[in-house]
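Undergrad: Sequence and predicted structure are below.
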Amino acid sequence: MSDERDTPFGPEPDLQNRVGQLGDDPEMLEFRADAAAADRNVTLPGDSPKEQGLEADAAAAAEQKRQRRYLVRALLRSPTFMIGLVVVLFWVFMALFSAFVTQSFTAQDAANSLQPPSSAHWFGTDDLGRDVFARTMAGARSVLIIAPLATVLALLWGGIIGLISGYYRGITDEIIMRAIDVLLALPIIITSILILSLFGKGTAIIIVAIGALFTPVVSRTVRAAVIGEREREYVMAARLRGERSAFVMGREILPNITQPIVVEGTIRLGYAVFTAATLSFLGFGLVPPSPDWGLTIANQRIFLQIAPWTVMFPAAALASLVVAVNLITDGLGRTFSK
Amino acid sequence: MLRLIGRRLLLMIPTLILASMLIFALAEVLPGDVGRSILGPYATEEQVQLLNEKLGADRPLVVRYTAWAGGFVTGDWGESALLKVPVRPMVLEAFWNSLLLAGFALVLIVPTSIALGVFAGLRRDSVLDRTITVSSLSMTVIPEFVSGIVLLYVFAVWLKWLPVVAMPPEGSPFYTRLYYLILPAIPLMFLELGYIARMARVGTVQVLSMPYIRTAVLKGVPRHRVIFGHVLRNAMVPTVTVIGSQVGWLIGGLVVIEVLFVYPGIGKLMVDAALSNDVPMLEAAVLLVAIVYMLANLIADIVVAFLNPRIRMGG
């Protein structure tokens, strides 16, 4: 795989690659396998598979570092990625520190309810006289807790399931894939309504529900990537070396499919923000007085005709976050595909 | 072709049975006590017991599942736990309302997004192309209640061009109903716009690079004939495929839009049933949606097969 990549840093030192990945030459492969098999029986100092592995690891690590540096440079040059990143970082900052830079988002002031934007309240006030600017900034927190954690869960579960079903194939694969078909037989939003109506509300339950519902799609992506890798020489070599399946999956295949997993992760993150916001809009997420955007839009929309600012600013904030996450996905996808 | 449809229909049955088991498990088995989840934490133990007996929830699981699934097939969908009326007429009425909204949205979605995509593809890499691609994708990723509420504000509250609600007064003629559905249908259109337009664009770009297009242009075929005769027809296949794959999003979008516009469709019915723990209503509605969702996917596959002669002939 690394053989086809073009880098701006001159020709790749090919030999190192070959040591790291055991080359394409079948004879070489056979030789290495034999050597490895022999090594297990007669362990000579300095020639143990462990030390060979270390050497190869070092070469592979240097290789990875170079690759990563190249990717980072390309990403920094991508305008879509950078715009998305700046907006997301802005909301992350607000989620963490909005309490220090805005007024209180819970302080009520009944005398000044539903006031239009002014210098005292940049985004106006809501029905309880709370500052809409402060609430809009603080609203980033819940969604930025739920969506990334749900995505991580989905990547973890989906990664494990995808690795197992792609690596073992056969009957295991068949059973897992049929189970996934059934899970996907219902639109995600409907399954999550079912789950949340039965297990009650709460941040942890939403995270687990979204994570679980995104797992099938992630595992399909990972499975496809694993199937692309499992016939390659380095996997075969690891097997012939007598490595355990868990090792081959986790240490050999996984590092080679990180790119599709990262892209899948950012795609899921966008959908997770979307789903989390939708669930709280529908009333299955957080409860007042949380400044969560979806919840605020649901609760304040009755004032749309007399005080649209209570709804429009959280709506714009949510839109900016979702679009930004998707810009990052787009930038990553384009850079990786190059 | 018929064999293909038959095989797919047969394959649908086991998936559907498993899905119904999943719904049953989620709704009745996992929460532990159906009576408790309907009555809530403040009911006494005797009340819960009584309701469980009345619902038959004290019987073994297999018996309950068979009774429920069998009842659904034979048309006995149970009684609403909240309203004490049969579930079936309510679910079906809501379903037709949703179907009208979804159908109307689809009528808007398909030509608009294909037109945008083909337009962008014909002027590939121009400013117009970038604008169409970026804005349609942005609209697609923004949650439908966000775009819905912005549209509601602009067109209903501010400009007053369209009504704020989605249902006309009782007894209005059909075209008035459609007029009231314009505003809810637009955010649903946005939800699909990006994907379909992108597919149409890619299809157009691909077709335009084909030698037969160059031949057509060189032999002097007028531009509109090239576009309508060759480009559109060939750009359709990937587009229809993606429309089929988006049915799930359309259903999810319906749920949200119906809640936002207080439209009495099946999405709103499900959300209300879920929020009020009306288990029989929720189960029936979800199972119906699952069936429709699978059928829609099947129809999309058949249409794609029909458009693609290689699949059609190979059957």
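TA: Thanks, I have the structure now. Numbers count the residues shown, from 1 in each chain, chains lettered A, B, ... in the order given.

Undergrad: ok, now which ones touch the spatially most central residue of chain A?
TA: Taking CA atoms, centre = their mean as the criterion, A:Gly265 is the residue nearest the geometric centre of chain A, at 2.6 Å. By CB atoms under 8 Å, 6 or more residues apart in numbering or on different chains, A:Gly265 lies in contact with A:Thr151, A:Leu155. Just so you know, the C-beta spots here come from the backbone N, C-alpha and C atoms, and that holds for glycine as well.

Undergrad: Stretch B:10-30 near chain A anywhere?
TA: Yes: using CB under 8 Å from any CB of the partner chain, stretch B:10-30 reaches chain A at B:Thr15, B:Leu16, B:Leu18, B:Ala19, B:Leu22, B:Ile23, B:Leu26, B:Ala27, B:Leu30.

Undergrad: pLDDT below threshold where in chain A?
TA: Counting by pLDDT under 70, chain A shows low-confidence ranges at A:1-57, A:338.

Undergrad: what about B:Asp129, which helix or strand?
TA: helix B:127-141 (DSSP states H and E).

Undergrad: Spatially nearest residue to the closest residue to chain A within the stretch 101-250 of chain B (excluding sequence neighbours)?
TA: Closest to chain A within the stretch 101-250 of chain B is B:Gly248: 4.1 Å, counting by CB to the nearest CB. Closest residue to B:Gly248 apart from its sequence neighbours, by CB to CB, 6 or more residues apart in numbering or on different chains: A:Pro187 at 4.1 Å.

Undergrad: Neighbours of the one you found, how many?
TA: For A:Pro187, the tally of surrounding residues (other CB atoms under 10 Å in any protein chain shown) stands at 23.

Undergrad: what's near enough to touch it?
TA: B:Gly248, B:Trp249, B:Ile251, B:Gly252, B:Val289, B:Tyr293.

Undergrad: Count the residues that sit near the closest residue to B:Tyr263 other than its chain neighbours.
TA: Of all residues not flanking B:Tyr263 in the chain, B:Ala166 sits nearest, at 4.0 Å (CB to CB, 6+ apart). Around B:Ala166 sit 22 other residues, with neighbours defined as other CB under 10 Å.

Undergrad: Check the burial of the residue of the stretch 101-250 of chain B closest to chain A by counting its neighbours.
TA: B:Gly248 - counted by other CB under 10 Å - has 18 other residues nearby.

Undergrad: Regarding B:Asn277, what is its secondary structure?
TA: coil (DSSP: H, G, I helix; E, B strand; the rest coil).

Undergrad: picking up where we left off before, isn't the residue of the stretch 101-250 of chain B closest to chain A up against B:Tyr293?
TA: Yes: between B:Gly248 and B:Tyr293 there is a contact at 6.4 Å, judged by CB atoms under 8 Å.

Undergrad: Please state the offset of the helix holding B:Asp129 from the chain centre?
TA: Averaging C-alpha positions (CA atoms, centre = their mean, to the nearest Å) puts helix B:127-141 23 Å from its chain's average.

Undergrad: Near chain B, which residues of the stretch 151-300 of chain A? Just list them.
TA: A:181-183, A:185-191, A:193-199, A:270, A:274, A:277-278, A:281-284, A:294, A:297-298.

Undergrad: try it again with 10 Å
TA: Selection of the stretch 151-300 of chain A residues close to chain B by CB under 10 Å from any CB of the partner chain yields A:178-179, A:181-200, A:270-271, A:273-279, A:281-284, A:293-294, A:297-298, A:300.

Undergrad: from these, which would you call buried?
TA: With burial judged by 16 or more other CB atoms under 10 Å in any protein chain shown, the buried subset of these is A:179, A:182-199, A:270-271, A:273-279, A:281-284, A:293-294, A:297-298, A:300.

Undergrad: Which of these fall within helices?
TA: Mapping these onto helices (DSSP state H) picks out A:179, A:182-183, A:188-199, A:270-271, A:273-279, A:281-282, A:293-294, A:297-298, A:300.
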